[in-house]
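> Curious how this folds, go ahead:
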Amino acid sequence: MKAYYDSKADAIGIELVPVDRIDEDYAVHDTYCHVGRLDGQPFTIEFLGTPEALEYVEEAAKVTGVNPQLLVAVTKAVLAAPDRDITFEFDDPFYENESLVA
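So this is what the prediction gives:
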């Protein structure tokens with residue numbers, strides 16, 4: 001998983017697994033949170049306008065099947081280290097539903 005916090009845009013981008021393209025944008029919230037999907041599977045999460053957007057972390061976790069505590073930790077980590085790519089590796093699958101893994 002890779003994540004980035006752009007402090008100028010005030011946006012967090014999370015790439016769950018590498019993908020070349022997204023064919024669907026699902027709005028968890030019209031303004032603050034979007035999930036990019038390919039063939040129905042979630043691959044990216046975008047939070048726009050922190051701190052308001054962070055109210056949707058748990059809902060984004062439900063939509064994507066990502067462990068909610070892990071997603072909260074990732075968002076906190078990228079906010080603490082803005083404007084740089086951060087790669088996360090996990091011993092256990094980060095998806096609650098392993099069938100979502102590509």
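> For Phe90, give me its contacts.
Contacts for Phe90 (CB atoms under 8 Å, 6 or more residues apart in numbering) come out as 1, 70. For every residue, glycine as well, the C-beta is placed using N, CA and C.
> Can you verify it is assigned to a strand?
No: the assignment for Phe90, made by DSSP: H, G, I helix; E, B strand; the rest coil, is coil rather than a strand.
> Now do the phi/psi pair for it.
According to degrees, to the nearest 10, the main-chain angles of Phe90 amount to phi -130, psi 140.
> which SSE is the most centrally placed residue in the chain in?
Per CA atoms, centre = their mean, the C-alpha nearest to the average position across the chain is that of Ile45, at 3.2 Å. Using DSSP states H and E, Ile45 falls within strand 41-48.
> which helix is the longest one in this structure?
The single longest helix within the chain, with elements called by DSSP state H, is helix 68-80.
> got the CA coordinates for that one in PDB?
Taking Å, rounded to 0.1, in the frame of the first residue of the first chain, the C-alpha atoms of helix 68-80 are listed here in PDB:
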ATOM      1  CA  PRO A  68     -10.600   0.200   9.500                       C
ATOM      2  CA  GLN A  69      -8.000   0.600  12.200                       C
ATOM      3  CA  LEU A  70      -5.300   0.100   9.600                       C
ATOM      4  CA  LEU A  71      -6.800   2.800   7.400                       C
ATOM      5  CA  VAL A  72      -7.000   5.200  10.300                       C
ATOM      6  CA  ALA A  73      -3.300   4.500  11.100                       C
ATOM      7  CA  VAL A  74      -2.300   5.100   7.400                       C
ATOM      8  CA  THR A  75      -4.100   8.400   7.300                       C
ATOM      9  CA  LYS A  76      -2.400   9.600  10.500                       C
ATOM     10  CA  ALA A  77       1.000   8.500   9.300                       C
ATOM     11  CA  VAL A  78       0.800  10.400   6.000                       C
ATOM     12  CA  LEU A  79      -0.500  13.600   7.700                       C
ATOM     13  CA  ALA A  80       2.600  13.400  10.000                       C
END
